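**Q** mind folding the following:
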Amino acid sequence: MTPVSDPSTTPSARPTTFGRRLPNAACLPLALLLAAAGCTEQPTAPDSNPGAPAVLVGAGDIAVCGSDADEATALLLDTIAGTVFTSGDNAYEDGTAQEFTDCYHPTWGRHRSRTRPSPGNHDYHTAGASGYYDYFGTSAGAPAEGYYSFDLGAWHIVAINSNIDLSANSPQLQWLAADLAANPTVCAAAYWHHPRFSSGVHGDDTGMQDLWQVLYDAGVDVVLNGHDHDYERFAPQDPAGNADTQRGIREFVVGTGGRSLRNFATVAANSEVRNSDTHGVLKLTLYDSRYEWEFIPVAGQTFSDTGTAECHH
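**A** Have a look, this model is predicted:
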């Protein structure tokens, strides 16, 4: 099957840093824009249909040599145009350069040019997650940080590194608050590895609460995670886990990229949908003021989950 290549859905090349954002490409000559952004490659072709929705699709807990499940989820990506996210634990067991070459690259690696990854704890089994950063290059952010943001259609998207300091005064959260303030949009999403809320084996991670607070205060709509090897969708809630239909964030745990799945433990509050026997990917279709979600199972499996919701603003 021929891999999808859709430059019209590649994230906008407008990097942000500590609340300061480069001007829109239409406002700068090309040479100045590339120099300011530190780019050496030619920019992506403009969207031929700017009114069309954008697509963000992916999962976490992905590549295992000797398993067919990561190839099955990669086959799904072959048929779905858009930007690919990963929610951590990209190459098992230890995120080595060899595992990225032998396990990740033959499957999800064929979509590397349109992938915006985030790292997991298994990627950090290799010192400094060097296998991860060397494989993904600048798409993964600076190696000492691993967090970054981009625009996708009308949405602002933030990739977080949950393997480093996320305390209230950490550099990452200071950057995040400034980035979200500098990039006000009607709709926004964030993704990383360790979920704040989960009914899976690992359960709730309270270490993510300060992160959630920054996202909640900025009006972020959607969070995508991995870590627990299952699929779970939550109702909108606040950082403390209280149901909040007005400003709450909807969280998806999508640890279904290829690693062996696990049963659920204790069902968390506000958990709406759970599945622990189906590999697949989550596709988000992003409109100007709303989004649709669809969990797409691998061939031969039947579980799915679909829905739509309006953004907060």
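**Q** check the secondary structure at Leu215 for me.
**A** Classification of Leu215 using DSSP: H, G, I helix; E, B strand; the rest coil returns helix.
**Q** ok, it - how many residues close by?
**A** A count of neighbours around Leu215, defined by other C-beta atoms under 10 Å, yields 26. Yep, even glycine has a C-beta here, placed from its N, CA and C like the rest.
**Q** three-state assignment of the closest residue to it other than its chain neighbours?
**A** Using C-beta to C-beta, 6 or more residues apart in numbering and skipping residues adjacent in sequence, the residue nearest Leu215 is Ala190, 5.7 Å away. In terms of secondary structure, Ala190 is strand; the call rests on three-state DSSP.
**Q** thinking Ala190 is in contact with Asn161, fair?
**A** No - no contact is recorded between Ala190 and Asn161 when judged using C-beta atoms under 8 Å, the distance being 11.5 Å.
**Q** what's the longest helix in the chain?
**A** As far as residue count goes, and with DSSP state H defining each element, the longest helix of the chain is helix 171-182.
**Q** and that one, what does it pack against?
**A** Using 3 or more C-beta pairs under 8 Å, 6 or more residues apart in numbering; DSSP states H and E as the contact criterion, the elements in contact with helix 171-182 are strand 16-17, strand 155-159, helix 209-217.
**Q** Asp94 in helix, strand or coil?
**A** coil.
**Q** likewise Gln98?
**A** Three states are possible here, and by three-state DSSP the one that applies to Gln98 is helix.
**Q** the residue nearest to it when sequence neighbours are not counted is in what secondary structure piece?
**A** For Gln98, the nearest residue in space outside its immediate sequence neighbours is Gly131; the separation is 7.9 Å by C-beta to C-beta, 6+ apart. Taking DSSP states H and E as the definition, Gly131 sits inside helix 130-136.
**Q** chain center to the helix or strand following that helix, what's the gap?
**A** Using DSSP H and E, the helix or strand that follows helix 130-136 in sequence is strand 148-152. In terms of C-alpha atoms, centre = their mean, to the nearest Å, the gap separating the centre of strand 148-152 from the centre of its chain is 10 Å.
**Q** do the same with stretch 263-279
**A** Taking the mean of its C-alpha atoms, stretch 263-279 sits 20 Å from the chain's own mean (C-alpha atoms, centre = their mean).
**Q** can you list the low-confidence ranges for this structure?
**A** In the prediction, the chain carries residues with pLDDT under 70 at positions 1-51.
**Q** swap the cut-off to 80 and go again
**A** By pLDDT under 80, the low-scoring segments of the chain are 1-51, 313.
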